[in-house]
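1. Build the 3D model from these lines:
(2 chains)
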Amino acid sequence: MVPPVQVSPLIKTARWSALLVGLIYGKQRYDYLKPIAAEERRIEEEEKKLREEQERIYKQLSEGL
Amino acid sequence: MAQAVQKLVAKVPTLVGAAVNYSKPRLATFWYYARVELVPPTPAEIPKAISGFQDLLKGFQSGRLGQTTVRDALRNGLVATEVLMWFYIGEIIGKRGLVGYDV
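-> Modelled structure (predicted):
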């Protein structure tokens, strides 16, 4: 088998620091996006309730006629 | 149906054994190379990395980098791309999902 190549220390540090930076970036972006998504879901729920309420009223009115 | 499931369940140990037998030598080769090539830098290597980076900067300022051959430039480009990909792997681990943020 080909003997393993000795990787230069610059490349090794660059790789593992890139891994670390990516890890931190992913975690922070996730923490930033999570409450925004929860807020959007909540707003969507409320709007859905409102829309369904209006549809119900509309249906009742149209059936009443 | 139940019989087919039972036969499958009876075969699982053999399948697992076959998978282990298949992967053992390949795992050994992987470890043989990874133990030397993929290990993080020891604290003693970090000053060498910093000096290597400074050499790179000096080479850029002196214009020496303009003398690299196309073949060397391509090879260095591939190495740089690989280093960049480790950032995305870190992001995948940090966001705990393969594709997209699971919010």
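2. C-alpha only now, for contacts and for neighbours.
-> Fine.
3. How many residues are close by residue 49?
-> No chain in the question, so chain A it is. For A:K49, the neighbour count with other Cα atoms under 10 Å in any protein chain shown is 12.
4. think we crossed wires, I meant chain B
-> 19.
5. could you say which helix or strand contains it?
-> Taking DSSP states H and E as the definition, one finds B:A49 inside helix B:45-62.
6. and if you look at B:P43?
-> Going by DSSP H and E, B:P43 is not in any helix or strand.
7. so where's chain B uncertain?
-> Judged by pLDDT under 70, chain B has no weakly predicted residues.
8. Show me which residues of it are close to chain A?
-> B:32-33, B:36-41, B:45-46, B:48-50, B:52-53, B:83-84, B:86-95, B:101, B:103 (Cα under 8 Å from any Cα of the partner chain).
9. So how do I select the buried members of the residues you listed in PyMOL?
-> A single PyMOL command suffices to select whichever of the residues of chain B next to chain A are buried according to 16 or more other Cα atoms under 10 Å in any protein chain shown:
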select buried, chain B and resi 33+40+41+49+52+53+83+84+86+87+88+89+90+91+92+93+94+95+101
